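Peer 1: Give me a model of this one.
(one chain, ligands or ions: 1)
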Amino acid sequence: MFKINENYLKLRGSYLFSTIAKKVAAYQEAHPDKELIRLGIGDVTLPLAPAVIDSLHKAVDEMASAETFHGYAPDLGYEFLRKAIADNDYKARGVEIALDEIFVSDGAKSDSGNIGDIFSQDNKIAVCDPVYPVYVDTNVMAGRTGTFLEDEEKWSNVIYMPCTAENNFVPELPKETPDIIYLCYPNNPTGSTITKAQLQEWVDYANKVKAVIIYDAAYEAYISEEDVPHTIYECEGAKTCAIELRSFSKNAGFTGTRLGFTVIPKELKQGDVMLNSLWARRHGTKFNGAPYIIQRAGEAVYSEAGKKQTAEQVAYYMNNAKTIREGLSEAGYKVSGGVNAPYVWLQVPEGMTSWEFFDYLLENANVVGTPGSGFGPSGEGYFRLTGFGTYENTVKAIERIKALNK
Ligand code: MLT
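Peer 2: Okay, here's the model as predicted:
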């Protein structure tokens, strides 16, 4: 008789963004006349940049003739893309990353979940609280998190590192020693970021306790301030303790086209074993590569035109974030984020929970956001709005929220 992976039964309800989508669909069905503005899930709204579209068209045409057709992609991804990544994302910042340390994939969400495959079940993870739910849920699936403590809304075998206004949303080093540390900066969901000196402390700590940092830098393109690291490898010693996850979703609008990559330096070892080799083995066995046409589209992001056009898209979303930040401040909300990240994190009015505020905004302003508590217990009392909507809708949403105070 087959047996299921019972860890799945421990998962809490459905994935956060699926729960929200269901709630919103039910509201829309009951109120078909209402025009909802969706600033919940961090999904982009601008079309792919012209340089990316041109490259896609060309690649599609190549697939139409036997001479230029491409079948399976190389395990690690096409060299043209890995070279563009190594040169632009790393070398340009003074970091040397070899081509065989870059693994092209179908996105950072999959990689952040799949990376757990190369680690024993017997590892203790530490996560920021609030946190991108994928890190925790995929560790629940792997059986690493223990049991769910209902009263604390926490997993018994997870180290939670609270990130609240009190510590400027940057976690303190944990008292209990973790084996795997998840960090995401610029941060989803709080929209905050970390300075290079603060990240260096984490790198030094991880090297000292022999932990690995899984560093999710999906929002790197949104950094606007100096002294904010664009890659963890800007920190000394990071190559012996850190894996970096990157995405084309947020910097170039690939949420629907799917492309990302993971960097695992060869110096990152447990004894004699390189994590790079384990991930290469996993990648080669379980993944058949991102499509050729999409990797060509990714390459175009690094062309001169692609860089310019995607930078304009990022600026457009950041202008939305600014509109949200400033508008909500004027309306009396305490807000943070939205300066180096497309997310604005606000404190909900006193006396309301995050989910109550979600319902309140949905019903009274027809605006969809994301309740902070959905990202972890320390997110209670907070709420996330994204800058990824259209400018027109963003302005309208803020006007509606402001009007609630009148
Ligand atoms: C979010 O809303 O947090 C993001 O869309 C999640 C993701 O990128 O998968």
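
Peer 1: The residue in the chain that the ligand sits nearest to: neighbour count?
Peer 2: Of the residues in the chain, the one nearest the ligand is residue 42, at a distance of 3.2 Å by CB to the nearest ligand atom. Where you see a C-beta, it was placed from the backbone N, CA and C, and this is true even at glycine. Residue 42 is surrounded by 23 other residues when neighbours are defined as other CB atoms under 10 Å.

Peer 1: Also the one 10 residues further on?
Peer 2: The number of residues packed around residue 52, counting by other CB under 10 Å, is 27.

Peer 1: and the next element down the chain from the lowest-mean-pLDDT helix or strand in the chain?
Peer 2: One helix or strand of the chain scores below all others by mean pLDDT, DSSP states H and E: helix 16-30, with a mean of 92. Proceeding N to C from helix 16-30, the next assigned helix or strand is strand 37-38, under DSSP states H and E.

Peer 1: where does that following strand sit relative to the chain's centre, distance-wise?
Peer 2: Its chain's average C-alpha position is 20 Å from that of strand 37-38, according to CA atoms, centre = their mean, to the nearest Å.

Peer 1: Please enumerate residues in contact with that strand?
Peer 2: Taking contacts as CB atoms under 8 Å, 6 or more residues apart in numbering, the residues outside strand 37-38 that touch it are 24, 366-368, 389, 393, 396-397, 400.

Peer 1: mind listing the strands in the stretch 251-400 of the chain by residue range?
Peer 2: Counting by DSSP state E, counting those that start in this stretch, one finds strands in the stretch 251-400 of the chain at the ranges 260-263, 269-270, 273-274, 335-337, 343-347, 367-368, 370-371, 382-386.

Peer 1: Any chance of a markdown table for the ones you listed, columns mean neighbour count, distance to residue 177 and mean pLDDT?
Peer 2: What follows is the strands of the stretch 251-400 of the chain, written out as a markdown table (neighbours: other CB atoms under 10 Å; distance: least, CB to CB, whole Å; pLDDT from 0 to 100):
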| stretch | mean neighbour count | distance to residue 177 | mean pLDDT |
| --- | --- | --- | --- |
| strand 260-263 | 24 | 25 | 98 |
| strand 269-270 | 13 | 16 | 97 |
| strand 273-274 | 14 | 21 | 98 |
| strand 335-337 | 21 | 29 | 97 |
| strand 343-347 | 26 | 29 | 98 |
| strand 367-368 | 24 | 40 | 97 |
| strand 370-371 | 26 | 32 | 96 |
| strand 382-386 | 28 | 28 | 97 |
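
Peer 1: Turn the ones you listed into JSON lines, columns for distance to residue 302.
Peer 2: Output for the strands of the stretch 251-400 of the chain, formatted as JSON lines (distance: least, CB to CB, whole Å):
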{"stretch": "strand 260-263", "distance to residue 302": "12"}
{"stretch": "strand 269-270", "distance to residue 302": "30"}
{"stretch": "strand 273-274", "distance to residue 302": "27"}
{"stretch": "strand 335-337", "distance to residue 302": "27"}
{"stretch": "strand 343-347", "distance to residue 302": "25"}
{"stretch": "strand 367-368", "distance to residue 302": "34"}
{"stretch": "strand 370-371", "distance to residue 302": "31"}
{"stretch": "strand 382-386", "distance to residue 302": "25"}
